[in-house]
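Engineer: A predicted structure for the sequence below; I have some questions about it.
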Amino acid sequence: MACRRSFQSFRRFHYYFSSAFSQVSSSLLCCGFSHTYGYMFHAYSSLAQQLLDEISQPNFPDFHNVIRRHSDERSFTQVLQVYASMLSHGFLPNGSTLNFIIKACTALPALSFGWAVHAQAVLLGFEAATFIQNGIIVMYARFREIATARAVFDKLANKDVVSWTSIMSGYVQNGYPFDALQIFRTMRIDSTVIPDFIALVSALKACMDVGDLEQGSSVHVLVVKFGVEDEPDLLTTLIAMYAKCGQVHVARYVFDQVTSPEPLLWNAMISGYAKNGNAEEAVDLFKEMVARNVQPDSITLRSAILACAQVGCLEAAKWIWGSANANGFESDMFVSTAVIDMFAKCGSMALAHSVFESIPKKDVVVWSAIIMGYGLHGQVKEAIELFHGMILSNIQPNDVTYVGLLSACKHSGLVEEGRRYFYSMKEHAIEPRHQHYACLVDLLGRSGHLEEAFMLIREMPMAPKVTVWGALLNACRIYSNVELGKYAAEQVFAIEPTNAGHYVQLSNIYACFGMWKDVARIRVLMKERGAKKPMGFSSIEINGKLQSFYAGDKSHSRSMEIYAMLDKLEAKLKKFGFLPHIDLVLHDVGHEEKEVSLRNHSERIAIAYGLISTPPGTTLRIIKNLRACVNCHSATKLISKFEQREIVVRDANRFHHFKHGLCSCGDYW
DNA sequence: GAGCTCATGT
């Protein structure tokens, strides 16, 4: 109810106002009010103010209506200004006015004002008004005052579904999904409130954040039980939940039930694929979305771009970039930066660079992306030039810029420079993080500075992770250092006991010295601990489509031709005096067998398939999930020479550009 | 009156 009070009673309100709530924070409240409205009233002039000024004696409905109109227009600062003005005219709010004020405080967010409004609501007798208290719960959740929100919720006598949903989503938004689920359970067990679809959305989001498939599925059951499975927004969260829990097929099943999915639903599904590593499906679904004339937004594009960067398919990358431009995202910084990264990871620094050039105001992230890209391709000179260009443009490098710069040095073996950049980070007030140490340890180790690398590890202010010890182990393998290698391996095994790659590294060190007993011991250890080597595979891009091969793969329909080509390649390699490095094969088998298994590595099969599927002179683009092996690397160099092909290989860590018998990595990787 | 997709670089 609107109340017209005398000036005296208004003063009395202020008296209660500061004395009754002094335990909360009297100074805050006083500031929040007498200050805020007084200050605001004099400092600002708004349209609403002018409107009010035109009325010589504005009454309560005048103020209320102006507040409502500003609220509808989302001009929340003005809502508070007019409210302050209303109070100074001696009017007090009714429940409806208060809701507009609470909403404005929440949206801005206006903390001190919000506290004061809460106090005012209590004084005006709205303590048991569920529709007011619900808004206050949301407001405190927004202020990250989740304990206060909970206190308001607990005190509320008549909790409706909105009260429950408000506190539940408050917990979710503040990063406490377990508490949110606890609230949901309490609501189901201790109250008669029936959850509606918004309550279920919040519960699903909590399950998603926890990654709890079992609870998520049980909420899905409720969705069906309460017959809200046709709510588009609920489906979005349901799909995201299943995708987050790794059940991308279930997510797709839900998606397929919808006849004309909304853009948000496409986004949830595409990003679900991208996050689960089903990158090809993500790109295909994006293409389908565009084919069905659904307008992609910046989130769709970012998800598709991320997926494409993962698979590394250049044709798909060009297509996505084209559709980003066609839909008006060519000047979206977030999209452009992601595109730079995508082109770099799809093997085209030329395209990455042209996008980079097209960005008028480059921020630190844009610069970092391009520097990282050149590093990935072993073009350290360009990376360093860009780094200095960035500083000349008055853009301060950050820790990620240095990751890019150091990894560029690492990929090219620039020890001096890498060391210098690492220690110069302090000049830019950047504390080296774990990744920076990992880069420098790798760089020092690969260049034979094993002692210095080890010393650096000992000086690290944080616990070294597997990347650091793994880099040292790798260096020990290269330089055949048994003692240090054993030590590094122990650290690595303790962190990742089931990663077979580490065992192979140590085993190779032993094999190098003919310590076959130790090799056998490692093999037993691997078996005991259930360590498995990930299956190596290589993919090749033919006409924009990726075709994948495993080592010794004979499943392809053109397998006969592929193996005939492999025989031809083998003969030519022999003619060019190619000698396989057989030491690196873990298994203790005869020489001939080793040679056979080497020539059947997935990379070689992919190349053979590329040679029989494309016209002479076409660049072959290969993507593999493991690091390039020494044999394949040497063989690919020779193949690029006698087949006169440029071969671009993306391995697990970086790019190799093979041309005229040489590789861009300079045999350093 | 309450809710959701993603969030550029390692």
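Structural biologist: Done, it's in. Numbers count the residues shown, from 1 in each chain, chains lettered A, B, ... in the order given.
Engineer: Now residue A:205. Nearest residue, chain neighbours left out?
Structural biologist: residue A:172 (5.2 Å; C-beta to C-beta, 6 or more residues apart in numbering). Glycine gets a C-beta too; all of them are placed from N, C-alpha and C.
Engineer: burial count for the closest residue to residue A:628 other than its chain neighbours?
Structural biologist: The shortest distance from residue A:628 to any non-neighbouring residue, by C-beta to C-beta, 6+ apart, is to residue A:651 (4.4 Å). Neighbourhood size, residue A:651 [other C-beta atoms under 10 Å]: 21.
Engineer: One more: residue A:393?
Structural biologist: When neighbours are counted by other C-beta under 10 Å, residue A:393 comes out with 10.
Engineer: What's the separation between it and residue A:375?
Structural biologist: To residue A:375, residue A:393 is 19 Å away according to C-beta to C-beta, to the nearest Å.
Engineer: which SSE is residue A:168 in?
Structural biologist: helix A:161-173 (DSSP states H and E).
Engineer: now swap in residue A:657 and tell me
Structural biologist: Residue-wise, residue A:657 maps onto strand A:655-659 under DSSP H and E.
Engineer: how about the strands in chain A?
Structural biologist: Applying DSSP state E to chain A gives strands spanning A:3-4, A:91-92, A:537-542, A:545-550, A:620-624, A:647-650, A:655-659, A:662-663.
Engineer: circling back: and the strand holding residue A:657, what does it pack onto?
Structural biologist: helix A:630-642, strand A:647-650 (3 or more C-beta pairs under 8 Å, 6 or more residues apart in numbering; DSSP states H and E).
Engineer: quick one: low-confidence parts of chain A?
Structural biologist: A:1-53, A:582-596 (pLDDT under 70).
Engineer: Show me which residues of the stretch 51-200 of chain A are close to DNA strand B?
Structural biologist: The stretch 51-200 of chain A comes close to DNA strand B at residues A:99, A:103, A:130-131, A:134-135, A:138, A:160-163, A:165-166, A:169, A:172-173, A:196-199, as judged by C-beta under 7 Å from any atom of the strand.
Engineer: Give the buried subset of the residues you listed as a PyMOL selection command.
Structural biologist: In PyMOL syntax, the buried subset of those is picked out as below (16 or more other C-beta atoms under 10 Å):
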select buried, chain A and resi 99+103+134+135+138+161+162+163+165+166+169+172+173+197+198+199
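Engineer: quick one on the thing from earlier: list the helices and strands the helix holding residue A:168 packs on?
Structural biologist: For helix A:161-173, the packing partners by 3+ C-beta pairs under 8 Å, 6+ apart come out as helix A:130-142, helix A:146-155, helix A:177-190, helix A:197-210.
Engineer: how far does it sit from the chain's center?
Structural biologist: Chain-centre distance of helix A:161-173: 26 Å, with C-alpha atoms, centre = their mean, to the nearest Å.
Engineer: That helix versus helix A:197-210: what angle between them?
Structural biologist: Using axes from the mean of the first three to the mean of the last three C-alpha atoms, to 10 degrees, the inter-axis angle of helix A:161-173 relative to helix A:197-210 is 20 degrees.
Engineer: Please list the outside residues in contact with helix A:161-173.
Structural biologist: The contact list for helix A:161-173 (C-beta atoms under 8 Å, 6 or more residues apart in numbering) reads A:130-131, A:133-134, A:137-138, A:140-142, A:146, A:149-150, A:153, A:156, A:177, A:179-180, A:183-184, A:187, A:191, A:193-196, A:198-199, A:202-203, A:205-206, A:209.
Engineer: now the residues you listed: which count as buried?
Structural biologist: So, by 16+ other C-beta under 10 Å, the buried ones in the contacts of helix A:161-173 are A:133-134, A:137-138, A:140-142, A:146, A:149-150, A:153, A:156, A:177, A:179-180, A:183-184, A:187, A:193, A:195, A:198-199, A:202-203, A:205-206, A:209.
Engineer: in stretch A:223-233, what counts as buried?
Structural biologist: Buried residues in stretch A:223-233 (16+ other C-beta under 10 Å): A:223, A:228, A:229, A:231.
Engineer: cool, and stretch A:71-81?
Structural biologist: A:71, A:75, A:76, A:78, A:79, A:80, A:81.
Engineer: Identify the farthest-apart pair in those residues.
Structural biologist: Farthest-apart pair in those is A:71 and A:81; separation 12.3 Å (C-beta to C-beta).
Engineer: Serialize the strands of chain A to JSON lines and add fields for mean neighbour count.
Structural biologist: Putting the strands of chain A into JSON lines (neighbours: other C-beta atoms under 10 Å) gives the following:
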{"stretch": "strand A:3-4", "mean neighbour count": "12"}
{"stretch": "strand A:91-92", "mean neighbour count": "22"}
{"stretch": "strand A:537-542", "mean neighbour count": "23"}
{"stretch": "strand A:545-550", "mean neighbour count": "18"}
{"stretch": "strand A:620-624", "mean neighbour count": "25"}
{"stretch": "strand A:647-650", "mean neighbour count": "24"}
{"stretch": "strand A:655-659", "mean neighbour count": "22"}
{"stretch": "strand A:662-663", "mean neighbour count": "18"}
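Engineer: would you turn the ones you listed into TSV with distance to residue A:492?
Structural biologist: Below are the strands of chain A laid out as TSV (distance: least, C-beta to C-beta, whole Å):
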stretch	distance to residue A:492
strand A:3-4	73
strand A:91-92	69
strand A:537-542	24
strand A:545-550	26
strand A:620-624	23
strand A:647-650	25
strand A:655-659	26
strand A:662-663	28
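Engineer: show me the contacts for the residue in the stretch 301-450 of chain A that DNA strand B sits nearest to.
Structural biologist: With C-beta to the nearest atom of the strand as the measure, residue A:337 is the residue of the stretch 301-450 of chain A nearest to DNA strand B, at 2.7 Å. Residue A:337 is in contact with A:365, A:366, A:369, counting by C-beta under 8 Å, 6+ apart.
Engineer: Need the residues that contact the strand holding residue A:657.
Structural biologist: By C-beta under 8 Å, 6+ apart, strand A:655-659 touches A:347, A:376-378, A:628, A:633, A:636-637, A:639-640, A:646-650, A:663-665, A:669.
Engineer: what about it and DNA strand B, touching?
Structural biologist: No. Against DNA strand B, strand A:655-659 shows no contacts by C-beta under 7 Å from any atom of the strand, the least distance being 12.0 Å.
Engineer: Could you list the paired strands of that strand along with their orientation?
Structural biologist: The pairing partners recorded for strand A:655-659 under DSSP bridges are strand A:647-650 (antiparallel), strand A:662-663 (antiparallel).
Engineer: What sits closest to the residue nearest the centre of chain A if chain neighbours are left out?
Structural biologist: Centroid-nearest residue in chain A, with C-alpha atoms, centre = their mean: residue A:275, separated by 8.5 Å. In space, and not counting its chain neighbours, residue A:275 is closest to residue A:243: 6.4 Å by C-beta to C-beta, 6+ apart.
Engineer: Hmm, that neighbour is touching residue A:276, no?
Structural biologist: Yes. Counting by C-beta atoms under 8 Å, residue A:243 touches residue A:276, with 6.3 Å between them.
Engineer: Give me the more crowded residue out of those two.
Structural biologist: Using other C-beta under 10 Å as the criterion, residue A:243 and residue A:276 rank with residue A:243 on top: 27 against 19.
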